[in-house]
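> task: produce atomic coordinates for the following.
(chains A, B, C and D)
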Protein chains: 4
Amino acid sequence: MPPFKTAERVSWVDTDAASVMHFSNYFRFFERAEEALYRSLGIDFELVRRRYKIWLPRVEAFCRYESPSRFNDVVEVALTLEEMDRRTIRYGFTVANTTTQRLAAQGYVKIIAADITTRRAATLPDDLAKRIRDALGDPRE
Amino acid sequence: MPPFKTAERVSWVDTDAASVMHFSNYFRFFERAEEALYRSLGIDFELVRRRYKIWLPRVEAFCRYESPSRFNDVVEVALTLEEMDRRTIRYGFTVANTTTQRLAAQGYVKIIAADITTRRAATLPDDLAKRIRDALGDPRE
Amino acid sequence: MPPFKTAERVSWVDTDAASVMHFSNYFRFFERAEEALYRSLGIDFELVRRRYKIWLPRVEAFCRYESPSRFNDVVEVALTLEEMDRRTIRYGFTVANTTTQRLAAQGYVKIIAADITTRRAATLPDDLAKRIRDALGDPRE
Amino acid sequence: MPPFKTAERVSWVDTDAASVMHFSNYFRFFERAEEALYRSLGIDFELVRRRYKIWLPRVEAFCRYESPSRFNDVVEVALTLEEMDRRTIRYGFTVANTTTQRLAAQGYVKIIAADITTRRAATLPDDLAKRIRDALGDPRE
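Numbering: from 1, shown residues only, chains lettered A, B, ... in the order given. Below you'll find the predicted structure:
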């Protein structure tokens, strides 16, 4: 199944004194892609929180930087489902700089379902898990 | 009465491709000084929210930029009480770059008390107002 | 002449513990609108810097906050040319929250042309000034 | 050899709508610790860039999140030298939340020396490598 894709543009504020996008901002681009995925699937986090009483906090984040992104560059963020079990989701991200035509970064974010009150690990709601798997493909297959 | 002062250091992430601190980050330094003021007065916002059911949202923010701040520069943020009435507080800020020995920026932030549920304007708790006025001086005097 | 408009979406990272967009981030939305304006006019800042040896640093920034923006809200940023003379530009910004159908914020940013080496005030290149005035209308008329 | 330590305080702007510090900000705390290390060793990056013509771009960044940090929490960032060879440095980071008395996060950042003009991998200046190793201990021992 093809990855879910979004496009982002590097703003002036994203850059640092080396004239390239600051490394921490790639994680923000990862998250914007995830947010766009949920919107595209009709998943409203306000509702998820209220109905299922869970958050989806991050437990791991990783990024490998391949080439710099500069002010005004457009990057394409491709999101894939790398792992999913009853409690965790791992999304993979590939950031392609469409301005320079080079791979900019690759990484992943691992997420758990957590009870909104106790913050303990919880089970991913079936409906949520199914919609994500239907959209991105089952990583076990 | 002397202003309340804090020191901040410009991080790499605060800079942009012009090698100076991004203009939006001065507002973040303003807010850090305000946070430090409340801590110094023993004002715990978790408690304020729970006891008085108010927030202190910003209604206006202004900054005039005088000279650039660069990576690793230390700036001193001086906070004064410019105005205070039953519902609003206006803090003034002067940012002096102690590395370059120049004035970096001057500005203000205007805050209102707002009911945490309705978000309508509320009255500043007397105790809060008194502690701020005692520390910073009464701007009407 | 109609204002120049862009749309932005509030990301999770833009919010703070009050569940609303942090006040400093409106200035970043202002700047993204300005960046989009220059792109739409074919103004490349890399070229401007190299050919004219100028930057466009901010000398003033102001915002009045009217209503909060929340995660996933879409806001429309309308940019107008409020003032322009040989050395300075003042852009006005109106941020309309299209999700809540309310005015979110209004403000302005005042910019000067500055020599890239000396950082002293310089003259705005005629070509740049003309393109901006042609697109946004002459504020003196 | 003991790790190099710095303290950071979680600002309001660092939090998100879950009332905890946004995951991307831990990487900014990592970097602030690294900046403090260089200052403590008298390493001036302006000088490094000019004399050796190198940058130190990040090639990998990783963080595992253990417990949330909230507004006003103080965290202690401990930096260790995990690996160092002729071209790369890997710093490890442990973030202890001194307010909650819990481990908040652990991670690392891998850095390479890169020629400032070509952006190709370069050799770490001996003097720089020696000062870092003297301060943090040699990871091969």
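
> confirm residue A:129 sits in a helix?
Yes - per DSSP: H, G, I helix; E, B strand; the rest coil, residue A:129 lies within a helix segment.

> residues near the closest residue to it other than its chain neighbours, how many?
Excluding the flanking residues, the one nearest residue A:129 by CB to CB, 6 or more residues apart in numbering or on different chains is residue A:84, at 6.5 Å. Every residue, glycine included, has its C-beta placed from N, CA and C. Counted with other CB atoms under 10 Å in any protein chain shown, the neighbours of residue A:84 add up to 19.

> does residue A:84 have beta-bridge partners, and which?
residue A:89 (DSSP bridges).

> for stretch A:112-123, the distance to its chain's centre please.
Computed by CA atoms, centre = their mean, to the nearest Å, the chain-centroid distance of stretch A:112-123 equals 19 Å.

> could you export it as CSV, CA atoms only?
Written as CSV, here are the backbone C-alpha positions of stretch A:112-123 (Å, rounded to 0.1, in the frame of the first residue of the first chain):
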residue,chain,number,x,y,z
ILE,A,112,1.6,4.0,22.9
ALA,A,113,-2.0,4.3,24.0
ALA,A,114,-2.1,5.6,27.6
ASP,A,115,-5.0,6.1,29.9
ILE,A,116,-5.7,9.9,30.1
THR,A,117,-6.0,9.9,33.9
THR,A,118,-3.5,7.3,35.1
ARG,A,119,-1.1,7.7,32.1
ARG,A,120,-0.7,3.9,32.2
ALA,A,121,-0.4,1.9,29.1
ALA,A,122,-3.9,1.1,27.6
THR,A,123,-5.2,-0.8,24.7
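
> measure the residue nearest to residue A:129 to residue C:26 for me?
Noted for residue A:84: a distance of 37 Å to residue C:26, by CB to CB, to the nearest Å.

> how about residue A:95?
Shown here: residue A:95 relative to residue C:26, a distance of 27 Å by CB to CB.

> for the two, indicate the residue with more neighbours.
Legend: neighbour count by other CB under 10 Å for residue A:95 and residue C:26, higher for residue C:26 (29 against 24).

> the more buried one is in contact with residue C:105, isn't it?
Yes - counting by CB atoms under 8 Å, residue C:105 is a contact partner of residue C:26 at 4.9 Å.

> which neighbours do the two share?
Common neighbours of residue C:26 and residue C:105 (criterion: CB atoms under 8 Å, 6 or more residues apart in numbering or on different chains): C:63, C:65, C:95.

> host element of the last one?
Under the criterion DSSP states H and E, the helix or strand holding residue C:95 is strand C:88-97.

> who touches the following helix or strand past that strand?
Going down the chain from strand C:88-97, the next helix or strand is strand C:102-112, by DSSP H and E. When contacts are defined by CB under 8 Å, 6+ apart, strand C:102-112 is touched by residues C:26-27, C:30-31, C:34, C:56-69, C:75, C:82-83, C:87-97, C:121.

> just checking, what packs against the helix or strand that strand C:102-112 is followed by?
Helices and strands here follow DSSP H and E; after strand C:102-112, the next one along the chain is strand C:114-115. On a contact count with 3 or more CB pairs under 8 Å, 6 or more residues apart in numbering or on different chains; DSSP states H and E, strand C:114-115 meets strand C:54-55.

> what average pLDDT does whichever helix or strand comes after the strand it packs on get?
Moving toward the C-terminus from strand C:54-55, the next helix or strand (DSSP H and E) is strand C:58-65. With pLDDT averaged residue by residue, strand C:58-65 scores 98.

> kindly report the same for stretch A:84-92.
Average pLDDT, stretch A:84-92: 96.

> tell me which residues of it come out buried.
A:84, A:88, A:89, A:90, A:91, A:92 (16 or more other CB atoms under 10 Å in any protein chain shown).

> if anything else comes up later, I'll come back, but that's it for now.
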